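# Model the following, please.
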Amino acid sequence: MTLEGVVEDIIFRNETNLYTVAILDTQDGNATIVGYIPFINIGETIRAEGEWIYHPNYGEQLEISNVSLVVPSTLNGIEKYLSSGLIPHIGPKTAKKIVEKFGLDAMDIIQYNPERLKEIEGIGDKKLEKIVEAFAEQGELRDIMVFLQQYGITANYGIRIYKQYGKDTISIIQENPYKLSEDIFGIGFKTADKIARNMGISPLSPYRVEAGIRFIINKYAGNGHSYVPKEELIQSTLELLGVENDLIEESIRDLAVKGIIHILNIGEDTLIYYTPFHIAENNVSRKIVDLSRVELKDLKIDIDKSIETIEGKDGIDFDDKQREAIKESIENGVVVITGGPGTGKTTTINAIIQIFEDQGLTVNLAAPTGRAAKRMTETTGREAKTIHRLLEYSYMEEEMAFGLDEDNPLETDLLIIDEASMIDILLMNSLLKAIVPGTRLILVGDVDQLPSVGAGNVLNDIIESEVVKVVKLDKIFRQAEESMIVVNAHRINKGEIPFLNEKEKDFYFIRESNPNGIVNIILDLCKERLPNYYGVDPLKDIQVLTPMKKGDVGINELNKHLQSILNPKFYGKKEKTIGDELYRVGDKIMQIKNNYTMEWEIIKDGTVSEKGEGVFNGDFGFITDIDDDDRIMKVLFDDEKEVEYNFNQLDELKLSYATTVHKSQGSEFPVVVMPIYWGPPMLLTRNLLYTAITRAKKLVVLVGEEKYLRMMIANNRITKRYSSLDYKIRNLLTIF
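You can find the predicted model right below:
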């Protein structure tokens with residue numbers, strides 16, 4: 001049976017798999033159609049093919065086997081189509097104006113003479129460009145969506161695939177569906193493998209074996225490793241694919257010949273790198289040696305006198321390690337200053353800055369994340385930038401790139417990088433490219449915190465290489481001793497049990513053994529007890545941190561509960577469900593991947609005061625608007641940067657009333673609340689607990705069982721990261 005008509009209403013649509021129940025207005029009356037229907041919208045004229053079925057509750061329905069778009073030919077059909085939300089910036093009011101102005105010619109005008117749309121009030125050049133682009137995509141997009149839908153690919157991913165491959169989408173996927181796992185964020189090897197099986201591609205296909213190897217290397221990189229030992233790579237790929245060793249060995253050789261991977265032999269070990277990681281390690285090791293060995297310009301500073309002047313002016317009494325750090329920063333090309341909370345890192349850095357500025361020298365400050373840079377600005381009184389902004393990362397020659405590099409270096413006498421433990425090998429490579437020998441580099445960080453989320457163990461490897469000067473600050477200063485957060489952080493770092501529930505202090509433990517009880521206490525703390533007693537904002541000041549994503553006290557469950565009490569459903573409050581995630585205006589969210597091309601604006605007094613690009617993994621924000629007509633969601637980051645997300649980009653965001661400890665790196669919060677409960681031993685570690693509590697500025701509240709607290713403190717197992725940076729630095733030094 002074939003029906004043609006206008007989509008009158010969509011009764012139900014599963015955004016994940018596109019199963020849809022809709023009402024079709026045909027010449028013979030309304031009909032109910034059901035099935036996995038890709039991307040239809042109210043107002044569209046469609047041709048639907050299928051078979052009649054009878055539902056015991058809903059009666060006769062047409063179960064769809066195929067659907068195609070028919071250009072609407074009536075005024076009512078055109079208006080409904082245009083107001084459906086399919087085309088950005090055309091809502092019901094604008095659609096009505098277009099039809100009233102152009103009548104039955106509206107569709108032809110949009111397609112062949114779109115400039116005339118500017119005759120409609122509210123449509124300017126910027127909106128016109130988006131309207132034309134969206135309309136032009138519809139024909140191609142629908143054919144592609146129908147093709148992808150048969151392999152279970154959802155609309156959101158379908159649009160991303162189309163954006164990546166354009167009109168060549170179908171031919172590319174038919175040739176090698178495994179490219180999806182390489183090119184499309186959110187589609188992994190297993191999904192691509194399922195598509196390939198459905199397409200009849202052999203399990204012994206070279207495409208499959210290469211994709212499996214790349215998947216394993218990516219998995220290791222996702223866990224922070226710069227390389228994979230060859231035997232581990234072969235064994236893991238064998239378990240994943242179930243193919244012969246010879247096929248895996250052959251694919252490893254082929255990938256090396258193509259330059260995708262690099263095989264490095266160190267002694268009896270064979271290491272398999274993604275080539276960019278290998279190149280980055282080589283470059284970083286070479287640059288660290290160059291910067292640390294270069295003959296520096298004599299600054300002719302009386303260091304002792306300068307230190308005494310600062311002490312007298314600021315009422316400071318530097319200890320021996322702080323004095324050493326200041327002196328070494330003047331005398332060496334590269335210095336690492338490390339230490340826990342309350343050990344005077346900020347005071348030391350401020351003194352170094354002052355000494356250099358007093359000499360008329362230029363100083364630049366930077367940190368890996370926006371929040372860390374903002375905090376650095378607050379503690380130094382000088383502008384600090386993200387590393388990306390410092391290096392002028394922007395869109396250049398059709399791709400994102402750093403504006404500063406070896407050909408256009410950073411002009412400064414001193415560069416200080418805070419939170420250096422967060423820097424992965426690729427970012428460090430980009431940073432060091434822009435630094436010329438003779439520039440002094442100071443890396444500041446707490447080496448006892450969790451290492452970077454990205455691949456590499458940069459700060460630790462630089463320290464372990466024993467090539468650069470390292471000063472570890474270890475004295476807790478008197479004012480810091482008043483804080484149980486600081487005292488307990490150091491106790492935990494030493495393997496000692498923290499002091500709990502000291503009267504009028506800032507570190508508390510609430511005992512509860514039942515996971516539901518833990519959740520209920522956390523909810524009560526966030527909504528009532530902490531805001532009422534301490535006067536803190538439950539959304540902006542309190543951050544729930546947890547070791548894991550899943551489980552009763554994981555972020556997925558906690559976020560649902562916290563959303564329901566801190567930002568409940570309310571009449572008129574806009575919301576949008578994508579997959580399993582419900583977003584609501586007012587929600588606290590986090591960006592979970594680096595998006596270097598995402599545009600942002602800072603709006604002050606109703607006008608745009610600044611524009612830029614780039615939203616990064618770990619950035620926190622709040623949803624300010626959800627527009628179903630334009631299919632966009634607006635998010636405000638750092639209380640000033642406004643960003644517009646298309647609905648098909650929302651899987652880059654995650655509710656963040658609760659977040660993992662790993663994702664909190666580089667951030668500080670007035671109050672940290674953390675469940676202490678059972679979890680995998682690899683997550684319940686001392687350095688994870690240490691990292692969590694050092695995120696808090698004013699108050700820590702732990703909720704759970706003390707036995708798991710003791711377990712975390714006793715578990716000092718730091719998972720080894722496969723990285724050769726320290727070896728390469730030492731090896732280079734022997735050559736000089």
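# Which stretches in the stretch 301-450 of the chain count as strands?
Secondary structure of the stretch 301-450 of the chain (DSSP state E, counting those that start in this stretch): strands at 334-339, 363-367, 384-386, 393-396, 399-402, 414-417, 440-445.
# correction: the stretch 451-600 of the chain
469-473, 507-511, 542-546, 575-578, 581-584, 588-591, 595-604.
# helices or strands up against the fourth one?
Applying 3 or more C-beta pairs under 8 Å, 6 or more residues apart in numbering; DSSP states H and E, one finds that strand 575-578 contacts strand 581-584. In short, each C-beta sits where N, CA and C put it, glycine included.
# Strand partners (parallel or antiparallel) of the strand it packs on?
As defined by DSSP bridges, the strand partners of strand 581-584 come to strand 575-578 (antiparallel).
# Next, the buried residues of the strand it pairs with.
For strand 575-578, a neighbour-count test (16 or more other C-beta atoms under 10 Å) marks 576, 578 as buried.
# Pull the residues that contact that strand.
With contact meaning C-beta atoms under 8 Å, 6 or more residues apart in numbering, strand 575-578 is reached by 15, 156, 569, 582-585, 626, 628, 633, 647, 650-651.
# Filter those down to the buried ones and hand me the PyMOL line.
To isolate the buried members of the contacts of strand 575-578 in PyMOL, using 16+ other C-beta under 10 Å:
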select buried, resi 15+156+582+583+584+585+626+633+647+650+651
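# can you put the contacts of strand 575-578 in TSV and add distance to Thr338 and pLDDT?
Putting the contacts of strand 575-578 into TSV (distance: C-beta to C-beta, whole Å; pLDDT from 0 to 100) gives the following:
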residue	distance to Thr338	pLDDT
Glu15	47	60
Asn156	43	64
Lys569	47	93
Leu582	42	92
Tyr583	39	95
Arg584	42	96
Val585	42	96
Ile626	44	93
Asp628	50	78
Met633	40	94
Phe647	44	82
Leu650	39	87
Asp651	37	83
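# circling back to that earlier point, can you tell which of the strands of the stretch 451-600 of the chain is closest to Asn66?
strand 575-578 (26.3 Å; C-beta to C-beta).
# what's the average pLDDT for that closest one?
Taken as a whole, strand 575-578 has an average pLDDT of 85.
# do stretch 662-669 as well
86.
# How far away from the center of its chain is that stretch?
Here stretch 662-669 shows a centroid-to-chain-centroid distance of 12 Å under the convention C-alpha atoms, centre = their mean, to the nearest Å.
# Please list the residues outside that stretch that contact it.
So stretch 662-669 is contacted by 367-369, 371-372, 375, 419, 421-422, 449-450, 452-453, 541-543, 545, 590, 592, 617-618, 620, 656, 688, 691-692, 695-697 (C-beta under 8 Å, 6+ apart).
# before we move on, the earlier item: what's the farthest-apart pair in the contacts of strand 575-578?
The most distant members of the contacts of strand 575-578, if one measures by C-beta to C-beta, are Asn156 and Lys569, lying 23.2 Å apart.
# Give me the below-cutoff pLDDT ranges for the stretch 301-450 of the chain.
Along the stretch 301-450 of the chain, the parts satisfying pLDDT under 70 run over 395, 397-398.
# switch the cut-off to 90
Scanning the stretch 301-450 of the chain for pLDDT under 90 picks out the ranges 301-302, 314-316, 342, 369-375, 386, 389, 392-402, 447-450.
# need the helix or strand of the chain with the lowest average pLDDT.
Scoring the helices and strands of the chain by mean pLDDT, DSSP states H and E places helix 478-481 at the bottom, with a mean of 65.
# Looking at the strands of the stretch 301-450 of the chain, which is nearest to Asp298?
Closest among these, using C-beta to C-beta: strand 440-445, at 12.6 Å.
# Partner strands of that closest one, with direction?
By DSSP bridges, strand 440-445 pairs with strand 334-339 (parallel), strand 414-417 (parallel).
# How about the contacts made by Lys634?
With contacts defined as C-beta under 8 Å, 6+ apart, the neighbours of Lys634 are 623-627, 642-645.
# Those, buried ones only, as a ChimeraX selection?
Under the burial definition 16+ other C-beta under 10 Å, those of the contacts of Lys634 that qualify are selected in ChimeraX by:
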select :623,626,627,642,643,644,645
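# Just give me the least confident of the contacts of Lys634.
In terms of pLDDT, the lowest of the contacts of Lys634 is Asp627, showing 88.
# my read: it touches Tyr645, true?
No - between Asp627 and Tyr645 there is no contact under C-beta atoms under 8 Å: 10.6 Å.
# what touches both of the two?
Joint contacts of Asp627 and Tyr645 (C-beta under 8 Å, 6+ apart) are 633-634.
# so where's the stretch 501-650 of the chain uncertain?
502-504, 572, 576-581, 592-599, 602-619, 627-632, 638-641, 646-650.
# average model confidence for stretch 89-100?
85.
# Also stretch 197-213?
On average, stretch 197-213 scores 92.
# Name the residues of that stretch that come out as buried.
Buried, per 16+ other C-beta under 10 Å, within stretch 197-213: 201, 207-213.
# got a list of contacts for it?
150-152, 174, 176-178, 181-182, 189, 192-193, 196, 233, 237, 240-243, 247-248, 250-252, 254-255, 261.
# Where does the prediction get shaky in the stretch 51-200 of the chain?
The stretch 51-200 of the chain contains residues with pLDDT under 90 at 51-60, 62-95, 104-114, 117, 120-170, 174-175, 181-188, 190-191, 194-195, 197-200.
# Which residue ranges of it form strands?
59-70.
# so what's Asn556 up against?
Going by C-beta under 8 Å, 6+ apart, Asn556 touches 549-550.
# Much appreciated, bye for now.
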